[in-house]
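Chemist: predicted model and sequence below, questions to follow.
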Amino acid sequence: MAIGVLVLAAGSGSRLGAAVPKAFVRVGDSSLLGYAVRSALATREVACVVVAAPAGWLDAAIDETEPLSRAHGIPVQVVPGGAERGDSVLAAVRWLPQECDIVLVHDAARAFAPPELFDRVAAAVTAAHPAVVPGEPVIDTIKVVDEAGIVVATPERSALRVVQTPQGFRRDVLLRAHHEHGSLASDDAGLVERLGLPVLVIPGDGRALKVTTPDDLDRAHRLAQALAPDVGPERR
Ligand code: CTP
Ligand code: MG
């Protein structure tokens with residue numbers, strides 16, 4: 001089965017507040033986009049990567065990804081994203097070649113998710129799960145509150161997971177979920193749940209943390225340093 005990876009990089013990064021869109025923020029030797037595309041290209045059986053970039057940043061995204069594409073011998077298509085994350089998913093997925101029957105959807109903001117995580121997600125989809133998300137156990141106790149701040153429930157912590165990307169889908173399932181349940185989802189798997197299909201959670205990876213605020217960048221710098229010896233087109 002051929003795998004296509006969508007790398008979503010079209011957001012502005014308003015909570016990060018950098019001078020450039022978040023995916024173009026540099027950490028060590030590369031932009032966040034560069035790290036994310038490197039991992040995507042190192043996924044087993046990957047046939048194509050599509051990057052959704054902000055309008056006005058398409059050339060920058062091509063400059064960033066073309067050398068990586070050439071080094072891996074795998075096409076990377078850069079396309080304009082949409083107003084919301086879900087719009088970017090739909091804008092990108094249509095560029096995947098027909099042969100890609102498994103689609104991994106990945107946030108460029110989770111730049112340090114390792115190729116091994118992409119492989120595990122894809123393997124679970126290949127093993128007949130229509131939707132697969134990586135998730136980590138919850139450390140804090142979570143409360144559900146009403147508008148007045150009064151606690152209405154305390155979910156059993158052992159049953160909770162914090163989910164990450166890449167999330168993996170059968171292509172037909174991803175398309176149906178987005179077409180039937182709108183574009184306002186920050187979580188593609190949530191749309192699949194609304195179709196009534198099972199979503200499998202597999203173990204996540206601490207390196208798949210999302211860069212959202214300036215504090216997260218400090219952790220990203222540490223992850224980049226840990227990667228430093230094998231960063232480069234030959235990294236796997
Ligand atoms: N994204 C996208 N298209 C959008 C919005 C978001 O491709 N219209 C991407 C972002 O580039 C990011 C991922 O979706 O890699 C997760 O979104 P988030 O972390 O919220 O990034 P931003 O929307 O850029 O950040 P913020 O919400 O702080 O503005
Ligand atoms: Mg956002």
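Modeler: Received, thanks. Numbers count the residues shown, from 1 in each chain. Ligands and ions are numbered 1, 2, ... in the order given.
Chemist: rest of the way, CA atoms for contacts and neighbours
Modeler: Noted.
Chemist: how about the contacts made by Ile102?
Modeler: Contact analysis of Ile102 by CA atoms under 8 Å, 6 or more residues apart in numbering lists Met1, Ala2, Ile3, Gly4, Ala122, Val125, Thr126, Gly168, Phe169, Arg170, Arg171.
Chemist: considering those, which possesses the most neighbours?
Modeler: Gly168 (34 neighbours; other CA atoms under 10 Å).
Chemist: quick one: Ser101 and Ala2, what's the gap?
Modeler: That one is not Ser; residue 101 is Asp. Noted for Asp101: a distance of 6 Å to Ala2, by CA to CA, to the nearest Å.
Chemist: ok but Val7 is inside a strand, no?
Modeler: Yes: counting by DSSP: H, G, I helix; E, B strand; the rest coil, Val7 is part of a strand.
Chemist: in the chain, which spans are helices?
Modeler: According to DSSP state H, the chain carries its helices in the segments 32-41, 58-72, 85-93, 115-126, 171-181, 188-194, 214-227.
Chemist: re earlier: let me have the contacts of Ile102 in JSON lines, adding pLDDT and distance to ligand 1 as columns.
Modeler: Supplementary listing: the contacts of Ile102 in JSON lines, determined by pLDDT from 0 to 100; distance: CA to the nearest ligand atom, whole Å:
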{"residue": "Met1", "pLDDT": "80", "distance to ligand 1": "25"}
{"residue": "Ala2", "pLDDT": "95", "distance to ligand 1": "23"}
{"residue": "Ile3", "pLDDT": "98", "distance to ligand 1": "19"}
{"residue": "Gly4", "pLDDT": "98", "distance to ligand 1": "16"}
{"residue": "Ala122", "pLDDT": "98", "distance to ligand 1": "20"}
{"residue": "Val125", "pLDDT": "98", "distance to ligand 1": "22"}
{"residue": "Thr126", "pLDDT": "97", "distance to ligand 1": "25"}
{"residue": "Gly168", "pLDDT": "98", "distance to ligand 1": "15"}
{"residue": "Phe169", "pLDDT": "98", "distance to ligand 1": "17"}
{"residue": "Arg170", "pLDDT": "98", "distance to ligand 1": "20"}
{"residue": "Arg171", "pLDDT": "97", "distance to ligand 1": "18"}
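Chemist: out of the helices of the chain, which one sits most buried?
Modeler: With neighbours defined as mean count of other CA atoms under 10 Å, those peak in mean count at helix 32-41, which reaches a mean of 26.
Chemist: and it, what does it pack onto?
Modeler: Applying 3 or more CA pairs under 8 Å, 6 or more residues apart in numbering; DSSP states H and E, we find helix 32-41 packed against strand 2-8, strand 46-53, helix 58-72, helix 115-126.
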